[in-house]
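Visitor: The sequence isn't on hand, but the structure is:
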């Protein structure tokens, strides 16, 4: 089994910063893409940012220039540095990863974390 555990959420004023972390543990041979998604009340879950195992990144337009995704492959951990936070960034943020659990199994399985709340007060 694979577990993704997020941390770093909380309450912050508009214009402030937060750093989210997500550590993957369990039976892991390798991890391909890792990413962050968010879901605001009454809205669908949306992609925020992704990072490949090679470090290539992708962002939703609304966070470009404000958020930075990174990862530490040795620690199986992905980070999301969030700067210049806005009230509309308020949401539950979920970590996501494509994990290959055994060397003998070439297929990647997709896993989600439990989510961490980010609240930005205006």
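Guide: Structure's in. What do you need? Model, not experiment: these values are computed from the prediction.
Visitor: Please make it C-alpha for all contacts and neighbour counts, starting now.
Guide: Will do.
Visitor: which residue packs closest to residue 79, ignoring adjacent ones?
Guide: Sequence neighbours aside, residue 21 is the residue nearest to residue 79 in space, at 4.5 Å (criterion: Cα to Cα, 6 or more residues apart in numbering).
Visitor: Next: residue 113.
Guide: Leaving aside its sequence neighbours, residue 113 sits nearest to residue 4 (Cα to Cα, 6+ apart; 4.6 Å).
Visitor: just checking, the one you found is part of a strand?
Guide: Yes - in this structure, residue 4 lies within a strand as judged by DSSP: H, G, I helix; E, B strand; the rest coil.
Visitor: Tell me which stretches of this protein form strands.
Guide: Applying DSSP state E to the chain gives strands spanning 2-7, 10-13, 18-26, 30-39, 46-51, 57-59, 67-72, 77-82, 91-100, 109-112, 116-121.
Visitor: most tightly surrounded among the ones you listed?
Guide: Mean neighbour count, computed with mean count of other Cα atoms under 10 Å, is highest for strand 91-100 among these, reaching a mean of 23.
Visitor: ok, and the closest non-adjacent residue to the residue nearest the centre of the chain?
Guide: With distances taken as Cα atoms, centre = their mean, residue 36 lies nearest the centre of the chain, 2.7 Å away. Taking Cα to Cα, 6+ apart, and ignoring the residues beside it in sequence, residue 36 has residue 95 as its nearest neighbour in space, at 4.7 Å.
Visitor: thinking the one you found is in contact with residue 37, fair?
Guide: Yes - the pair residue 95 / residue 37 is scored as a contact, 6.4 Å apart, by Cα atoms under 8 Å.
Visitor: The residue of the chain most remote from its centre and residue 23: what is the separation?
Guide: For the chain, the residue at maximal distance from the C-alpha centroid (Cα atoms, centre = their mean) is residue 104, at 27.3 Å. Using Cα to Cα, to the nearest Å, we find residue 104 at a distance of 23 Å from residue 23.
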